[in-house]
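K.L.:
Predicted model and sequence below, questions to follow.
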Amino acid sequence: MNSRFSKYLKASIVLACCFSLLSCHKKKQDDYGDMERPVDVAEAYTDSVVLFSTYPGYLTAEYYAQVVGLVNGRLETMNYSSGQFVNKGQVLFTIDPTLYIDALHRAEATLKSNESNLEYSKSHYDAVLKALEDNAVSKMEVLQAESDYNQAVASVKDSKAALHTAQVNYGYCTVTAPISGYITNNKLSIGNYITGADSPVVLAEIYDHTHLYVNFEVEDVRYEKMTAGQKKIDDVLYKNVPLKFQEPLKNEYACDLTYIAPAVDRSTGTLLLQGKILNIDNELKEGMYVTISLPYGENPKAVLVKDAAIATDQIGKYMYVVNDSNTIVKRRIDVGEIYQDSLRVINTGIQPGDKYITKALLTVRAGEKVKPILTH
């Protein structure tokens, strides 16, 4: 086979492929009847819906406490593992007690000396009182003995107070857990010198996650709408309100809204609301982000569409609508709340009875003629 014939053969094969592709394309056009391909559509309709607003919030532990050093000294031991659960009263740190043992011994010695002096002063005062009956001493001596006795009583009180302070300071050398809960990493490592006597030094923090508070803020105007004509039942504004987290959790959570701040924050114009939840399996943590949806009114004629039929571009949200001549129109919309998980309230842009495309949104285009197939 010569090279010229080979070139002709290759050209013939290419032309045959092109004719085949054109034939397939024509067949596809014939199947859709001049490109009027079938598309699934649904009709927008109206219904009475309860209106909700979604608010961001965060979790805080019911109980939180700082573990602090209240005396001066070098950290000698740390008796826990970071992140573990500790019980109230459990020893967490020890601080070198040398200074405070010495102070305790001095306070004990001072108290003993003052108690001995008090005993002598009391005996001397009793003696001069008896001697005064026989005119053996002057009244001046009696007054002096009484003064010495009263001073000895005061010295004993002072020394008892000093001993108590010394005992307390010595006790502070052993740092215990103020509450039960999960403890953080230690802020200072063993061997560091702390000056807790001047100002408390934070050594760690403890969070009790058994129960947590859900905290979020609502606009004062929206709060007024929420509570219009509504009575609180058992001091609860709303009961069993579902909570949503950034990622699905093993357990589902809901709370009763039991706390309403007594005043509006003037800087933000919002009001703090709070609920309390039980932490199941200890999966919730302080500071976690949460959202909550609260009812604030009712729309008796809300326009509803399938939420999956809504698309978004750089300008905003839109839907593809099929008009009376079966032509696709790109319609800009303003959306409201989600309804029954899969529907969306449309504020503007769609009217009841409008047919909108529900599938293959990426393959259709505005101005295209289609054959709408109504689905439910």
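P.N.:
Now that the structure is in, tell me what you want to look at. Small disclaimer: the values here were computed from a predicted structure and weren't measured. Numbers count the residues shown, from 1 in each chain.

K.L.:
quick one, what contacts Gly349?
P.N.:
When contacts are counted by C-beta atoms under 8 Å, 6 or more residues apart in numbering, Gly349 touches 318-319, 331-334. The way it works is simple: take the backbone N, C-alpha and C, and place the C-beta from them, glycine included.

K.L.:
distance between the longest helix belonging to the chain and the chain's centre?
P.N.:
Secondary structure of the chain per DSSP state H: the longest helix is helix 98-133. On the basis of C-alpha atoms, centre = their mean, to the nearest Å, helix 98-133 is displaced by 58 Å from the centre of the chain it belongs to.

K.L.:
go on, stretch 188-203?
P.N.:
Stretch 188-203 sits 29 Å away from the centroid of its parent chain (C-alpha atoms, centre = their mean).

K.L.:
which residues are in contact with it?
P.N.:
For stretch 188-203, contacts defined as C-beta under 8 Å, 6+ apart pick out 66-78, 92-93, 95, 169, 172, 175, 186-187.

K.L.:
Please flag which of those residues sit within helices.
P.N.:
Using DSSP H, the contacts of stretch 188-203 in helices are 169, 172.

K.L.:
Show me which of the contacts of stretch 188-203 are buried.
P.N.:
Buried members of the contacts of stretch 188-203, scored by 16 or more other C-beta atoms under 10 Å, are 67-73, 75, 78, 92-93, 95, 169, 172, 175, 186-187.

K.L.:
The residues you listed in strands, which ones?
P.N.:
Among the buried ones among the contacts of stretch 188-203, the residues falling in strands (DSSP state E) are 67-69, 72-73, 75, 78, 92-93, 95, 175.

K.L.:
who does Val201 bridge with?
P.N.:
Assessed by DSSP bridges, Val201 has beta-bridge partners Gly69.

K.L.:
Check the spacing between it and Pro352 real quick.
P.N.:
68 Å (C-beta to C-beta, to the nearest Å).

K.L.:
likewise Tyr318?
P.N.:
For Tyr318 relative to Pro352 (C-beta to C-beta), the value is 18 Å.

K.L.:
what does Tyr320 give?
P.N.:
Counting by C-beta to C-beta - Tyr320 and Pro352 are separated by 18 Å.

K.L.:
So for Tyr318 and Pro352, which sits in the more crowded spot?
P.N.:
Counted by other C-beta atoms under 10 Å, Tyr318 and Pro352 do not tie: Tyr318 has more neighbours, with 18 against 14.

K.L.:
Next secondary structure element downstream of the helix or strand where the more buried one lies?
P.N.:
Following DSSP states H and E, one finds Tyr318 within strand 317-322. Proceeding N to C from strand 317-322, the next assigned helix or strand is strand 328-332, under DSSP H and E.

K.L.:
and that following strand with strand 317-322, angle?
P.N.:
Between strand 328-332 and strand 317-322, the angle comes out at 150 degrees (axes from the mean of the first three to the mean of the last three C-alpha atoms, to 10 degrees).

K.L.:
Name every strand pairing with strand 328-332 and say which way it goes.
P.N.:
Strand pairing for strand 328-332, using DSSP bridges, gives strand 317-322 (antiparallel).

K.L.:
Just the CA trace of the strand it pairs with, in CSV.
P.N.:
C-alpha atoms of strand 317-322 as CSV (Å, rounded to 0.1, in the frame of the first residue of the first chain):
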residue,chain,number,x,y,z
LYS,A,317,-30.4,33.5,44.5
TYR,A,318,-32.5,32.6,41.5
MET,A,319,-34.8,29.9,40.1
TYR,A,320,-35.5,28.7,36.6
VAL,A,321,-39.2,29.2,35.8
VAL,A,322,-41.0,27.8,32.7
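
K.L.:
Using TSV, lay out the ones in strands among the buried ones among the contacts of stretch 188-203 together with distance to Asn282 and pLDDT.
P.N.:
Output for these, formatted as TSV (distance: C-beta to C-beta, whole Å; pLDDT from 0 to 100):
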residue	distance to Asn282	pLDDT
Val67	20	97
Val68	25	97
Gly69	28	96
Asn72	37	96
Gly73	35	96
Leu75	29	97
Met78	23	96
Leu92	20	97
Phe93	25	97
Ile95	31	97
Val175	25	97
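
K.L.:
quick one: Lys122 from Leu362, how far?
P.N.:
102 Å.

K.L.:
again with Pro200
P.N.:
Applying C-beta to C-beta to Pro200 and Leu362 gives a distance of 62 Å.

K.L.:
the more surrounded of those two?
P.N.:
Taking neighbours as other C-beta under 10 Å, Pro200 and Leu362 compare with Pro200 leading, 15 against 6.

K.L.:
Pull out the buried positions in stretch 104-119.
P.N.:
104, 107, 110-111, 114, 117-118.

K.L.:
Ignore what I typed, I meant stretch 135-150.
P.N.:
Residues of stretch 135-150 classed as buried by neighbour count (16+ other C-beta under 10 Å): 137, 145, 148-149.

K.L.:
now, which of these lie within helices?
P.N.:
Those of those lying in helices (DSSP H): 145, 148-149.
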